[in-house]
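A.B. asks: sequence plus the predicted model coming up.
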Amino acid sequence: MRRRRFRPSSEGDEQEINITPMLDVVFILLIFFIVTASFVKEPGVDVNRPQAETAQPKEKANILIAIDSAGIIWIDRRQIDPRAVRANIERLHAENPQGTVIIQADNDARTEVLVTVMDAARLAGVYDVAIAAERSVP
């Protein structure tokens with residue numbers, strides 16, 4: 001039996017592992033996870049919402065506005081001046097035109113502040129405005 005000897009190729013080529021397909025798969029998975037990730041939006045402050053027997057969950061709530069017991073307005077974890085609410089809603093509505101406005105008002109919040117926020121939303125062109133409530137058990 002003859003033995004074969006390994007002879008390097010005359011051109012000096014080295015064997016390499018092609019990792020391009022693996023990188024393609026990794027980037028496709030990364031894009032998939034970024035696109036399918038759901039991001040939870042929070043207004044920035046916890047409020048004690050009133051209870052209602054007819055409360056229903058809202059699916060597309062993209063603009064969350066909170067009003068705390070002191071009447072301070074919060075959007076995207078920032079305290080907002082009442083005069084700047086309309087501009088902030090216009091900006092957020094321009095980013096997602098199908099979004100709705102959900103106002104989370106505290107039990108002790110003044111109605112005047114709630115009406116001011118609702119009016120600002122309608123002046124900004126958003127007519128789908130809802131007030132968040134906790135569902136009470138009858």
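C.D. replies: Arrived safely. Numbering: from 1, shown residues only.

A.B. asks: which secondary structure elements does the helix or strand bottoming out on mean pLDDT in the chain contact?
C.D. replies: When each helix and strand of the chain is scored by mean pLDDT, DSSP states H and E, strand 51-52 comes last, with a mean of 72. Under the contact definition 3 or more Cβ pairs under 8 Å, 6 or more residues apart in numbering; DSSP states H and E, strand 51-52 sits against strand 134-135. (Glycine included, C-beta is placed from N, CA and C.)

A.B. asks: in its sheet, which strands sit next to the strand it packs on, and in what direction?
C.D. replies: strand 51-52 (parallel) (DSSP bridges).

A.B. asks: name the next helix or strand downstream of the partner strand, please.
C.D. replies: Sequence-wise, the next helix or strand downstream of strand 51-52 (DSSP states H and E) is strand 61-67.

A.B. asks: what mean pLDDT does the helix or strand harbouring Val26 have?
C.D. replies: Following DSSP H and E, one finds Val26 within helix 20-36. The average pLDDT within helix 20-36 is 88.

A.B. asks: now do that helix: which elements does it pack against?
C.D. replies: Using 3+ Cβ pairs under 8 Å, 6+ apart, helix 20-36 sits against no helix or strand.

A.B. asks: what's that helix in contact with?
C.D. replies: Helix 20-36 is contacted from outside by no residue at all, using Cβ atoms under 8 Å, 6 or more residues apart in numbering.

A.B. asks: for stretch 116-127, same thing?
C.D. replies: Stretch 116-127 is contacted from outside by 63, 65, 67, 73, 82, 85-87, 89-90, 93, 99-101, 103, 129, using Cβ under 8 Å, 6+ apart.

A.B. asks: tell me which of those is nearest to Asn18?
C.D. replies: Gly99 (44.9 Å; Cβ to Cβ).

A.B. asks: distance check, the nearest residue to the closest one once chain neighbours are set aside against Leu123.
C.D. replies: In space, and not counting its chain neighbours, Gly99 is closest to Asn62: 2.8 Å by Cβ to Cβ, 6 or more residues apart in numbering. In this view, Asn62 and Leu123 are 18 Å apart by Cβ to Cβ, to the nearest Å.
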